[in-house]
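[1] Need a 3D model of the sequence below.
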Amino acid sequence: MQLDTLEKNLKKRGFVPFFVKDSSQAIQVIKELIPKNSSIGFGGSVTVDQIGLLDAIKDDYKLLHRSLYDIEYHKKLYKEMMDADWYITSTNALTMTGELVNIDGRANRVASMLFGPENILVVAGKNKIVADIEEGIRRCRDQAAPPNAVRLDKKTPCKVTGKCEYCFSPDTMCKATVIQHHPTSGKNVYIIVIDQELGY
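    Numbering: from 1, shown residues only. Next up, the predicted model:
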């Protein structure tokens, strides 16, 4: 895998990439990037959970993460995240051409990535790297959606079969596909790629 090519393409598109060897280095970069006492919104991300980010930064920042709030408050919380100083999430796929590919159901995550906080931070394991957009969409449907359907107890065929069935279930998480070619206007997008397999 040519990480120098990925780095070059991300920079060419206006993203700010970091390549680190493990979760602890990723957390160190995050702490260096984000000023203390900043408010941080979070998209649903197994990767963020796996690296233990919330516990590592909880004392220094205002965290807007749905696990910290009652479920009745979640709709308001998603709106508050749009106005946070920072937004941290992962991506379903990161192409070697330097683009982000994501498929969402509620779309609060992709909405915040595109039209939310001024500063967006994407944390991704090396397993999210794909050749191009087409492979990225396949990855979203066949590798990310099925385990998330299991995790979130969705009523979808992929929960049972383990692969995308291109269903019409009201519970499908594949309601919006977003390909981000560049940071949207006025946004800073930082991408931390960890040399570990993380998330779905």
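[2] okay, which residue is most central for this protein?
    residue 90 (1.9 Å; CA atoms, centre = their mean).
[3] That one reaches residue 50, doesn't it?
    No. Using CB atoms under 8 Å as the test, residue 90 is too far from residue 50 to be in contact (9.7 Å). The C-beta positions use only the backbone N, C-alpha and C, and glycine is treated the same way.
[4] which residues do these two both contact?
    Residues touching both residue 90 and residue 50 by CB atoms under 8 Å, 6 or more residues apart in numbering: 198, 199.
[5] Report the contact partners of the residue nearest to the centre of the chain.
    Residues near residue 90 by CB under 8 Å, 6+ apart: 43, 45, 46, 47, 48, 122, 123, 124, 128, 198, 199.
[6] Please enumerate the strands of the chain.
    With DSSP state E, the ranges of strands along the chain come out as 16-20, 39-42, 62-64, 86-89, 93-95, 100-104, 119-125, 129-130, 176-180, 188-194.
[7] now these in CSV, with mean neighbour count and distance to residue 30?
    Below are the strands of the chain laid out as CSV (neighbours: other CB atoms under 10 Å; distance: least, CB to CB, whole Å):
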stretch, mean neighbour count, distance to residue 30
strand 16-20, 17, 9
strand 39-42, 24, 9
strand 62-64, 18, 12
strand 86-89, 25, 7
strand 93-95, 26, 17
strand 100-104, 25, 18
strand 119-125, 24, 7
strand 129-130, 20, 20
strand 176-180, 16, 20
strand 188-194, 21, 7
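[8] export those to a markdown table and tack on distance to residue 154 and mean pLDDT?
    Shown next, in a markdown table, are those (distance: least, CB to CB, whole Å; pLDDT from 0 to 100):
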| stretch | distance to residue 154 | mean pLDDT |
| --- | --- | --- |
| strand 16-20 | 32 | 98 |
| strand 39-42 | 20 | 98 |
| strand 62-64 | 24 | 97 |
| strand 86-89 | 19 | 98 |
| strand 93-95 | 20 | 98 |
| strand 100-104 | 13 | 97 |
| strand 119-125 | 23 | 98 |
| strand 129-130 | 23 | 98 |
| strand 176-180 | 15 | 97 |
| strand 188-194 | 27 | 98 |
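[9] Turn the ones you listed into a markdown table, including distance to residue 150.
    Shown next, in a markdown table, are the strands of the chain (distance: least, CB to CB, whole Å):
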| stretch | distance to residue 150 |
| --- | --- |
| strand 16-20 | 29 |
| strand 39-42 | 21 |
| strand 62-64 | 26 |
| strand 86-89 | 20 |
| strand 93-95 | 19 |
| strand 100-104 | 16 |
| strand 119-125 | 19 |
| strand 129-130 | 22 |
| strand 176-180 | 21 |
| strand 188-194 | 23 |
